[in-house]
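Enquirer: have a look; sequence and predicted model below, questions after that.
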Amino acid sequence: DQQVKQNSPSLSVQEGRISILNCDYTNSMFDYFLWYKKYPAEGPTFLISISSIKDKNEDGRFTVFLNKSAKHLSLHIVPSQPGDSAVYFCAARNSGGSNYKLTFGKGTLLTVNP
Amino acid sequence: AAGVIQSPRHLIKEKRETATLKCYPIPRHDTVYWYQQGPGQDPQFLISFYEKMQSDKGSIPDRFSAQQFSDYHSELNMSSLELGDSALYFCASSQGLAGGRGDTQYFGPGTRLTVL
């Protein structure tokens, strides 16, 4: 049962435009969400995170929006650059208890065309 | 800045052999996580350690074991390897419970294990 879902396996965007990557989750115990970017042959690189007490977090060109009632989050990249081309993973965790394991979505391959 | 170090980066083994993967966390990080990513799949949590004690266990086969040492590095030991164990194995580290709610997990480059 996939608790974190990224329903778009791929997304293609023109350089300079906005990229919007979406993520849905089913586990209402998740209270912290992260986006990772992954290039081939490298490990996931942390991009941005958001706590469930917020609905928006911004860091430079990257903004994450969280809609708790819809169990939906999205990552906006503005403006998109060719170097942003990578696989983007949405991840979630339940910070209750003593473990912080991440549950990942299957990823979205973003291609930014020059 | 120092990152998570994993060794080896690539490993080729035969079925039924054993393998040991090593992970060196970011300095001052006390929590280590292991994830397995099969081809075209999302990373799946295997096991984690905080202050040298196992803190959580996921979908890790009984053939696998892991530990965290006094210098906080961790080793994942895999025995009786099967073809299906071929995957990317990522280690991540964080400052664990120090902040009360855990901290961001930073990933290493991964070890690509191929079982023939």
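Expert: Now that the structure is in, tell me what you want to look at.

Enquirer: for A:G83, helix, strand, or coil?
Expert: Following DSSP: H, G, I helix; E, B strand; the rest coil, we place A:G83 in the helix state.

Enquirer: show me which residues of chain A sit near chain B.
Expert: Within chain A, the positions lying close to chain B (CB under 8 Å from any CB of the partner chain) are A:4, A:32, A:34, A:36, A:41-46, A:49, A:89, A:93, A:95, A:98-107. Glycine gets a C-beta too; all of them are placed from N, C-alpha and C.

Enquirer: would you show me how to pick out the buried ones of those in ChimeraX?
Expert: Restricted to buried positions by 16 or more other CB atoms under 10 Å in any protein chain shown, the ChimeraX selection for the residues of chain A next to chain B reads:
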select /A:4,32,34,36,43,44,49,89,93,95,99,100,101,102,103,104,105,106,107
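
Enquirer: inside strands: which ones of the residues of chain A next to chain B?
Expert: Of the residues of chain A next to chain B, the ones assigned to strands by DSSP state E are A:4, A:32, A:34, A:36, A:45-46, A:49, A:89, A:93, A:103-104.

Enquirer: from these, which is closest to chain B?
Expert: A:F104 (4.0 Å; CB to the nearest CB).

Enquirer: now for the residue nearest the centre of chain B: which residues touch it?
Expert: Geometric centre of chain B, nearest residue: B:W34, 2.9 Å, by CA atoms, centre = their mean. If a contact means CB atoms under 8 Å, 6 or more residues apart in numbering or on different chains, then B:W34 has B:23, B:45-48, B:60, B:66, B:74, B:76, B:89-91 as its contacts.

Enquirer: how distant is the strand or helix carrying A:L73 from the center of its chain?
Expert: Using DSSP states H and E, A:L73 maps to strand A:72-77. Strand A:72-77 sits 6 Å away from the centroid of its parent chain (CA atoms, centre = their mean, to the nearest Å).

Enquirer: with secondary structure and neighbour count added, can I get the contacts of B:W34 in JSON lines?
Expert: JSON lines is the format used below for those (DSSP: H, G, I helix; E, B strand; the rest coil; neighbours: other CB atoms under 10 Å in any protein chain shown):
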{"residue": "B:C23", "secondary structure": "strand", "neighbour count": "26"}
{"residue": "B:F45", "secondary structure": "strand", "neighbour count": "21"}
{"residue": "B:L46", "secondary structure": "strand", "neighbour count": "22"}
{"residue": "B:I47", "secondary structure": "strand", "neighbour count": "23"}
{"residue": "B:S48", "secondary structure": "strand", "neighbour count": "29"}
{"residue": "B:I60", "secondary structure": "coil", "neighbour count": "17"}
{"residue": "B:A66", "secondary structure": "strand", "neighbour count": "22"}
{"residue": "B:S74", "secondary structure": "strand", "neighbour count": "25"}
{"residue": "B:L76", "secondary structure": "strand", "neighbour count": "24"}
{"residue": "B:Y89", "secondary structure": "strand", "neighbour count": "24"}
{"residue": "B:F90", "secondary structure": "strand", "neighbour count": "26"}
{"residue": "B:C91", "secondary structure": "strand", "neighbour count": "30"}
